[in-house]
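Q: Would you be able to build a 3D model of this:
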Amino acid sequence: MASRARALRQWAAGRYGADPLHLLALLACFTLAGYAASRVVVAGIWVGFVVWFVGAAIIHDLVLYPLYAVADIAVRWRPWRRVRPSAALSHPPPWINYLRVPLALSALLLLVWFPLILRLSQDGYRRSVALDTTPYLGRWLLVTGLLFAGSALAYAVRLRRRAQPERKGSAARPDGPPGPGQG
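A: Residues are numbered from 1 along each chain as shown. Predicted coordinates:
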């Protein structure tokens, strides 16, 4: 059985270029996308969906991508940065991803919920669900703060782990024989 699985993986790697699980996951994604598209067509909103989808792709590619590419370059560009020989060997881990991830998640939340966060749909929301949009701004700010705090904590843990010296054999092994003076 193991040899058949190995042969299937080799065949898939040669013909398809990846593991068969990759092909299975890809087929599952296409199936889900096809189901969603069929529901859009059945609901009769496919024209609006296509307009929204194409518009989102165009706005992302022509407006948003250049904006956050320039912002990323601006954040990483530091003309005053000077690499010292002693610091080059023990430089800290790159911090940029610890800024990018919470910023991207916060921006995505703002993009999805901006009518409620900015109270642009106060009347319609109140008529639909009989609730107020007031808490959305505070909750978005709280989630954003937690995302950045969690990212800062993860970066601090990584800095601390990198700062700890490697210990090779300096500590007594718990599974080995007791050393001198250990009972």
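Q: can you list contacts of the helix or strand containing residue 58?
A: In the assignment (DSSP states H and E), residue 58 maps to helix 46-59. With contact meaning CB atoms under 8 Å, 6 or more residues apart in numbering, helix 46-59 is reached by 37, 40. Backbone N, C-alpha and C define where each C-beta goes, glycine included.
Q: Distance from the chain centre to it, please.
A: Here helix 46-59 is found 24 Å from its chain centre; the criterion is CA atoms, centre = their mean, to the nearest Å.
Q: do the same with stretch 153-164
A: Mean-position distance between stretch 153-164 and its chain equals 20 Å (CA atoms, centre = their mean).
Q: could we number from 660 for the rest of this?
A: All set: I'll call the first residue 660, so the last point we hit is now stretch 812-823.
Q: can you pull the buried residues of it?
A: For stretch 812-823, the buried set under the neighbour-count rule, 16 or more other CB atoms under 10 Å, comprises residue 814.
Q: just stretch 759-771 next, same as before
A: Buried residues in stretch 759-771 (16+ other CB under 10 Å): 761, 762, 765, 768.
Q: cool, and stretch 790-800?
A: 792, 795, 799.
Q: Low-confidence bits of this protein, can you list those?
A: Low-confidence segments of the chain (pLDDT under 70): 738-750, 824-842.
Q: Break it down into its domains, please.
A: With domains defined by automatic domain parsing, the chain comprises 668-703, 704-736, 751-823.
Q: Most tightly packed of those?
A: domain 751-823 (a mean of 13; mean count of other CB atoms under 10 Å).
Q: tell me how far it is from the chain's mean position?
A: On CA atoms, centre = their mean, the centre of domain 751-823 falls 13 Å from the chain's centre.
Q: Span of it from start to end?
A: 12 Å (CA to CA, to the nearest Å).
Q: Which of the buried residues of stretch 790-800 fall within helices?
A: In this view, those that belong to helices under DSSP state H are 795, 799.
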